[in-house]
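Enquirer: A structural model of the following input is requested.
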Amino acid sequence: MSYRTILVAYDGSEPSLRALNKAIEFAADWDASLEVVHVYQIPIASVGEAMVPAAPETNAAIAHEAQNRGDEAQSIIAAAPGVRANVTVKQGEPGPLIVETAADKQADLIVIGSRGNSGLKQLFLGSVSQHVIQHTECSVHVVK
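Expert: Numbers count the residues shown, from 1 in each chain. Alright, predicted model coming up:
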């Protein structure tokens, strides 16, 4: 089986680096285009019933770091000759935005890393890869 458009989620973690490398390998093997998405979140604290956004300088620092993750992914891809890639940085909730981006880019395959959380940790923290698997219409390759 081969794919035309592969979307990979990259956040700079070791599991996402393994996913990026696997997606690059797939893209080269299948002559597919590669779409890389880095999704970041701006923290919002709750104080009683009020939601308090982070300070503007914190937001700017987080957005700058997110752009650095995108640049990092671009540098990794540049070392793979012949791989056509586009890197996008988005702000929001990772699971839904990865699924939405895959649909927008008409991806036939999503490659995503797994941190291996289980039990209570997964229950409380959730799992981005699990969300993607449950909500996307295309194939998903989870890299551990």
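Enquirer: Can you show me the helices along the chain?
Expert: 14-30, 56-78, 94-104, 119-125, 128-135 (DSSP state H).
Enquirer: could I get those helices as CSV with mean neighbour count, mean pLDDT and distance to Glu49?
Expert: All C-beta spots, glycine's among them, are computed from the backbone N, C-alpha and C. As requested, those are exported to CSV (neighbours: other Cβ atoms under 10 Å; pLDDT from 0 to 100; distance: least, Cβ to Cβ, whole Å):
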stretch, mean neighbour count, mean pLDDT, distance to Glu49
helix 14-30, 19, 96, 35
helix 56-78, 14, 95, 22
helix 94-104, 20, 97, 25
helix 119-125, 10, 46, 21
helix 128-135, 18, 93, 27
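Enquirer: so which of these gets nearest Tyr3?
Expert: helix 14-30 (5.6 Å; Cβ to Cβ).
Enquirer: Tell me which residue lies farthest from the centre of the chain.
Expert: Distance from the C-alpha centroid of the chain peaks at Gly48, with 31.8 Å (Cα atoms, centre = their mean).
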